[in-house]
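Sequence first, predicted model second:
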Amino acid sequence: MELDEGKQKFIQSWGTLGSNWGINRTMAQIHALLLICPEALSAMEIKEQLNISMGNTNMNIRSLIDWGLVYKKLKPGERKEFFVAEKDMWEVVKKIVIQRKKRELEPVIKMLDEISAVQGHCEESDEFCKVVKDIKLFSNKADSILDKLIKADSNWFMKSFINLIK
């Protein structure tokens with residue numbers, strides 16, 4: 001397989017994976033391109049290499065910056081903005097976990113806190129409260145585990161993971 005073919009396959013595959021992480025396909029493809037490029041790229045270079053619109057390019061770069069997955073990089077003598085991806089995969093995973101937790105888990109926990117105060121003393125309300133309590137317990141445990149993962153360093157995580165699968 002030639003380098004260009006491998007790069008295209010990686011970008012396409014990363015785009016597909018991105019949608020599983022809560023990132024749209026184009027956003028993930030931009031991230032993939034920046035991950036494999038040895039140099040920072042301008043928005044125009046990203047647009048041309050991925051054959052996407054300038055608006056789509058700019059919008060997704062801003063989202064990647066918001067997620068902490070991409071940074072601006074200044075080049076002396078250049079007026080254009082250039083962008084580079086976070087290349088430490090442990091940091092990438094942590095940043096994705098932080099964003100997914102903030103966008104998905106925290107709203108669920110907040111909603112469960114609100115509805116756990118339902119009043120009533122009948123079979124239906126008892127069942128409702130039991131289910132909400134179980135989901136809330138699971139959600140809070142998941143939140144706690146994700147907090148530990150976010151705070152952990154990669155060595156601790158890998159040792160724990162290896163011990164878990166033994």
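Noted; the coordinates are in hand. Numbering: from 1, shown residues only.

Tell me, how many residues neighbour the closest residue to residue 56 other than its chain neighbours?
Spatial nearest neighbour of residue 56, chain neighbours left out: residue 26 (5.8 Å); criterion: CB to CB, 6 or more residues apart in numbering. C-beta: built from backbone N, CA, C; applies to glycine. Neighbouring residues of residue 26 were enumerated by other CB atoms under 10 Å; the total is 18.

Find me the pLDDT at residue 26, would you?
For residue 26, the model assigns a pLDDT of 95.

quick check, it in a strand?
No. Following the definition DSSP: H, G, I helix; E, B strand; the rest coil, residue 26 is helix and is not counted among the residues of a strand.

Spit out the contact partners of it.
Contacts were defined as CB atoms under 8 Å, 6 or more residues apart in numbering; by that measure residue 26 touches 15, 50, 52, 56, 60.

Residue 25 is in contact with the last one, correct?
No. Contact status for residue 60 versus residue 25: not in contact, 9.7 Å apart, counting by CB atoms under 8 Å.

what about those two, which has more around it?
For residue 60 versus residue 25, neighbours defined as other CB under 10 Å are more numerous around residue 60 (24 against 15).

Please name the residues that touch that one.
Residue 60 sits next to 24, 26-27, 30 when contact means CB under 8 Å, 6+ apart.

ok, the residues you listed vs residue 38, which is closest?
Checking the contacts of residue 60 against residue 38 with CB to CB, the nearest one is residue 30 at 16.3 Å.

what about that closest one, neighbour count?
Burial of residue 30, expressed as a neighbour count using other CB under 10 Å, amounts to 33.

And residue 128, by the same measure?
Counted with other CB under 10 Å, residue 128 comes out at 15.

confidence score at the closest residue to it other than its chain neighbours?
Taking CB to CB, 6+ apart as the measure, residue 128 lies nearest to residue 118, with 6.2 Å between them; neighbours along the chain are not counted. According to the predicted model, the pLDDT of residue 118 comes to 74.

Quickly note the distance from residue 118 to residue 141.
Using CB to CB, to the nearest Å, we find residue 118 at a distance of 22 Å from residue 141.
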